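Asker: what would the 3D arrangement of this be:
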Amino acid sequence: MSKWYPGANSWENKGSYKIKYQFDNKGKCTDILMARSSLSDKQADKDHIHIYKVGETGQGATFRDEQGRVYDLSDYDIQQILSGARPLW
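Answerer: Residues are numbered from 1 along each chain as shown. Purely as a prediction, here's the structure:
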């Protein structure tokens, strides 16, 4: 069973945005939730972008959001998003 990082009830502030994320048992990111950093954690729980992994590519993974948009992200892109170096949008 995967778990949310930094925690189910908290968000990690990255400057211009805050995130939560999950990994599978192989250490690959499966879900990313991203919200504006100006929101409280409670507000971010209701107003965020959620992308989830739908497939793997040679250099990363394909994610989809709730509106059906597709994001082909390399492992480097995912690392940059999780570290706070660049937002998803």
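Asker: name the residues of the helix ranked longest in the chain that are buried.
Answerer: Secondary structure of the chain per DSSP state H: the longest helix is helix 75-83. For helix 75-83, a neighbour-count test (16 or more other C-beta atoms under 10 Å) marks 77-78, 81-82 as buried. For the C-beta atoms, the positions are set from N, CA and C on the backbone; glycine is no exception.
Asker: which SSE is the spatially most central residue of the chain in?
Answerer: Among the residues of the chain, the one closest to the centroid is I32, at 1.8 Å (C-alpha atoms, centre = their mean). Under the criterion DSSP states H and E, the helix or strand holding I32 is strand 29-36.
Asker: direction included, what does that strand pair against?
Answerer: When sheet partners are counted by DSSP bridges, strand 29-36 sits next to strand 17-23 (antiparallel), strand 49-57 (antiparallel).
Asker: closest one to G68 among the ones you listed?
Answerer: Comparing those by their distance to G68 (C-beta to C-beta), the top pick is strand 49-57, with 10.6 Å.
Asker: centre of the chain to the helix or strand just after the closest one, how far?
Answerer: On the C-terminal side of strand 49-57, the nearest following helix or strand under DSSP H and E is strand 60-65. If you compare the mean C-alpha spot of strand 60-65 with that of the full chain, they lie 10 Å apart, counting by C-alpha atoms, centre = their mean, to the nearest Å.
Asker: perfect, that will be all.
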